[in-house]
Structure formats: C-alpha cells, structure tokens
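A.B. asks: Sequence and predicted structure below; questions after.
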Amino acid sequence: MPDRRPFSLLLVAPALAMVLALFVYPLGYSLVSAFTARDGEPTLDNFIKTFDLYGPDIVFTVLIVVVSTALTGMFAAVIGGYLVLAAHPTAATLLKWLYRWPLFIPFIVAAQCMRTFLAKNGMLNNTLDTLGLVDAAGLSGLLDWRGIIVTFVWKQTPFVALLVSGAMAALDRAGIEAARNLGASGLRVLVEILLPQVTGVMTAGLILAFVTMLSVLSVPIMISGGSPTMITVDMAFRVNSYSDYGVANALGFVSYLIAGLGAWVYIRRTLASEGAR
C-alpha cells in the first residue's frame, strides 16, 4: 500500500503556511522586538519604560477585564438558569430571542451604540428622566470605566450564556425535579445543582471572554478617552505617535502574560477535573 503521508502533508501545507505567515511569524517578531533596542541590541529598556509610563494602565486593564469577566459569568449563569428552570415559557422564549443579539454586533459598533446610550444626554438618562425617575440635569454620563465594563458585559454575556444554557439543558433533569419536590427554590437549584455540573463549560467560556476583552481596542478608545486606559490603547498610541514598536511590543508581551494566566487557570481546572475522575 503506497504511503499517503506526503500527499496528506501537501493538503495541509497551504493552511500551515497561512498560520505560520499570519500568526506564528508576527508573534515571534513581536516577542523579539520587545527585548530589542532600536539599534538591534538586546535590552530590557522597553519593559522599564512600559512599567514606568503605563504601570497604572496595566493594573486598570486587569481590573476592568476581571470585573467584566465576573459580571459576565454571573449574568450568563442567571440567563442559563432561567431558561432551564423558567415556569413561564413565553418569557423564556422572549429571553432566548433577545439575549443573543449582541453576538452578531462587532465591538466597534457596540462601542458606538454605547456612546449614544450612556452619554450625559444619551438614551439611558433621557429615558429615566422621561419616566420621572431622575432629573437628567443632575446626572453625568457613564463614558468612563463604567461604560467600558457595561459594554464588555453586554457584548460577551450572550456568548457565555449560550454555552452555559446549552450545557444546563443537557443535564439530567431528575436531580432538578427532586430538588424542586423537596422545596428548593430556583436560586438554590441553580447554585447548588446546575452550576457545579457546568463549571467546566463556564470556565472555558469565561476564559475565551477574558482573552477577547483583553485584546479589544475600539471599546476603551471610544467609550473612555481619559486616563488610566487599557493597554491596547497605549499600544496603538506608541505605534501611531512615536513609531515605538519596542514599547508597544513590550505592552503586548505583558498582555500575553495576562492571557497566559487565564490559560493556566483553565489548564489547572481541566487537569483537576480529569484527576477527579
């Protein structure tokens, strides 16, 4: 029988070349550039300048992404639990139809929509004022760190909720019905029965959401133009204003480390689950 491995490698070659050219090479080049001065000599000056100039922004980025991820997980759990436990089919159907819409909206469009919605004279404040709940003249907008979190949570919750609700729907309902028959409330069923069984899916979804939010440029640059800001904005600023690719890549290296921490959490969680089996 002829050896088909060369033919198989030939089929894979175009995709492999694309990955190497568009992902592996730029990644390797950025890592090397982070440790290289303008004259080509190895140096740590890029990192010294990074932490000196953008240390608060790094902390700000971590806080924004961690808080957004936590809120995303909370809302995703509530949505998934309601879809599985809802006693009102019409409300559940309406929620299924509504919560998925942000999935199809790009981040740049979401940021522009939130600029209109969260501004001082935006739709949110004007609606509250029309309902007589607040006085719009005394309100301020949410176009700051709060707006970034709101945008991230609104955009990423549907993705995680879709994974979580699917995992919950696939669970054996015998335990759920037994808990209900014993008088457990919906919240207790969600927290003590549903969530422990979908922890792996929840963790995977939140890690993906975490990494995605960490890499977004449009939301922080459009929602909040002040300081501190997220490191993606700093990277764009170093490149566009100073052509300083060394510091920009050092910031990128820091973001790789933060994303790697999320990957480490996921791997630890996966290994722990396999060990428990």
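C.D. replies: Thanks, I have it.
A.B. asks: Tell me how far L11 lies from S227.
C.D. replies: According to Cβ to Cβ, to the nearest Å, L11 stands 51 Å off from S227. No exception for glycine: its C-beta is placed from N, CA and C like everyone else's.
A.B. asks: Run through the stretch 101-250 of the chain and note the low-pLDDT ranges.
C.D. replies: Applying pLDDT under 70 to the stretch 101-250 of the chain picks out residues 136.
A.B. asks: same thing but at 80, please
C.D. replies: Residues of the stretch 101-250 of the chain meeting the criterion pLDDT under 80: 133-141, 225-227.
A.B. asks: ranges for the helices of the stretch 1-150 of the chain?
C.D. replies: 5-19, 25-34, 45-85, 89-99, 107-118, 123-130, 145-169 (DSSP state H, counting those that start in this stretch).
A.B. asks: so which of those gets nearest V191?
C.D. replies: Closest approach to V191 among the helices of the stretch 1-150 of the chain is made by helix 45-85 (8.5 Å; Cβ to Cβ).
A.B. asks: roughly how far is that closest one from the heart of the chain?
C.D. replies: A distance of 7 Å separates the centroid of the chain from that of helix 45-85, by Cα atoms, centre = their mean, to the nearest Å.
A.B. asks: what angle sits between that helix and helix 89-99?
C.D. replies: Calculated by axes from the mean of the first three to the mean of the last three Cα atoms, to 10 degrees, helix 45-85 forms an angle of 160 degrees with helix 89-99.
A.B. asks: Output the contacting helices and strands for helix 45-85.
C.D. replies: Applying 3 or more Cβ pairs under 8 Å, 6 or more residues apart in numbering; DSSP states H and E, one finds that helix 45-85 contacts helix 89-99, helix 145-169, helix 186-189, helix 199-214, helix 231-242, helix 245-276.
A.B. asks: If we use 7 Å, what do you get?
C.D. replies: helix 89-99, helix 145-169, helix 199-214, helix 231-242, helix 245-276 (3 or more Cβ pairs under 7 Å, 6 or more residues apart in numbering; DSSP states H and E).
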